[in-house]
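**Student:** Whatever this is, show me its structure:
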Amino acid sequence: MIVKSTQVATLIEEAEIEERNYNWQKAARLYEQAAKLFSENKMLEDAARTYVKFGDICIRAVKASKIKEEYLNWTSQSIKAFHMAENFFIQSNNELLSMECKARALNAMSYTITSIEKGRDALKKSINVCLELIKIYSTKKDKNNLINLSI
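**Tutor:** From the prediction side, this is the model:
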């Protein structure tokens, strides 16, 4: 287990370096590897958080894509990453963070919508989940998550 955790730490450090250098695709692949290692070791919260980071970096890769295939691939990867994170948060009984991941996945889907109606529907669902989370965080007086959600 120590070898694996050292390996994961190394992958995350390398990913952060690539991220600082705006190498989104390379950073995304490294975060994905780290997330898979966390999930193999049944470290669900860590896997979920790393999949969220992987999804976020995939979105950056989408925005930096120069050809259609890359754009579609990274969009698909981000959606899958957010769904993986959502499932891991559900397994670790963290309903609120799973809802955040659901909203992120729905938002990412809007990047590849083929009609205005589908785009409107995806964004509406994402906004509704976010509004529900805002209401929950507000009643719990959870300012940290409320601020993170707004970013």
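
**Student:** going forward, measure contacts between C-alpha atoms and count neighbours the same way
**Tutor:** Will do.

**Student:** Might you report the residue contacts of the residue nearest to the spatial centre of the chain?
**Tutor:** Closest residue to the average C-alpha location of the chain: residue 52 at 2.7 Å, with Cα atoms, centre = their mean. Listed by Cα atoms under 8 Å, 6 or more residues apart in numbering, the contact set of residue 52 reads 81-82, 85, 101.

**Student:** mind listing which of the residues you listed are in helices?
**Tutor:** Mapping those onto helices (DSSP state H) picks out 81-82, 85, 101.

**Student:** on that earlier part again, do you know the pLDDT at the residue nearest to the centre of the chain?
**Tutor:** Looking at residue 52, its pLDDT reads 97.

**Student:** cool, and residue 150?
**Tutor:** At residue 150, pLDDT is 49.

**Student:** what stretches of this protein score poorly on pLDDT?
**Tutor:** Regions of the chain meeting the criterion pLDDT under 70 cover residues 1-4, 113, 141-151.

**Student:** which residues of this protein fall in helices?
**Tutor:** Counting by DSSP H, one finds helices in the chain at the ranges 2-20, 24-40, 44-64, 68-91, 95-109, 116-139, 143-150.

**Student:** hey, which of those helices is tucked in deepest?
**Tutor:** helix 44-64 (a mean of 24; mean count of other Cα atoms under 10 Å).

**Student:** Just the C-alphas of it, formatted as PDB.
**Tutor:** C-alpha atoms of helix 44-64 as PDB (Å, rounded to 0.1, in the frame of the first residue of the first chain):
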ATOM      1  CA  LEU A  44     -13.300   6.200  -2.600                       C
ATOM      2  CA  GLU A  45     -13.200   9.800  -1.400                       C
ATOM      3  CA  ASP A  46      -9.700  10.300  -2.800                       C
ATOM      4  CA  ALA A  47     -10.700   8.600  -6.100                       C
ATOM      5  CA  ALA A  48     -13.800  10.800  -6.300                       C
ATOM      6  CA  ARG A  49     -11.800  14.000  -5.600                       C
ATOM      7  CA  THR A  50      -9.200  13.000  -8.200                       C
ATOM      8  CA  TYR A  51     -11.800  12.200 -10.800                       C
ATOM      9  CA  VAL A  52     -13.300  15.700 -10.200                       C
ATOM     10  CA  LYS A  53      -9.800  17.200 -10.800                       C
ATOM     11  CA  PHE A  54      -9.400  15.000 -13.900                       C
ATOM     12  CA  GLY A  55     -12.800  16.200 -15.200                       C
ATOM     13  CA  ASP A  56     -11.900  19.900 -14.600                       C
ATOM     14  CA  ILE A  57      -8.600  19.500 -16.400                       C
ATOM     15  CA  CYS A  58     -10.400  17.700 -19.300                       C
ATOM     16  CA  ILE A  59     -12.600  20.800 -19.600                       C
ATOM     17  CA  ARG A  60      -9.500  22.900 -19.900                       C
ATOM     18  CA  ALA A  61      -8.200  20.500 -22.600                       C
ATOM     19  CA  VAL A  62     -11.600  20.900 -24.400                       C
ATOM     20  CA  LYS A  63     -11.100  24.700 -24.400                       C
ATOM     21  CA  ALA A  64      -7.500  24.300 -25.700                       C
END
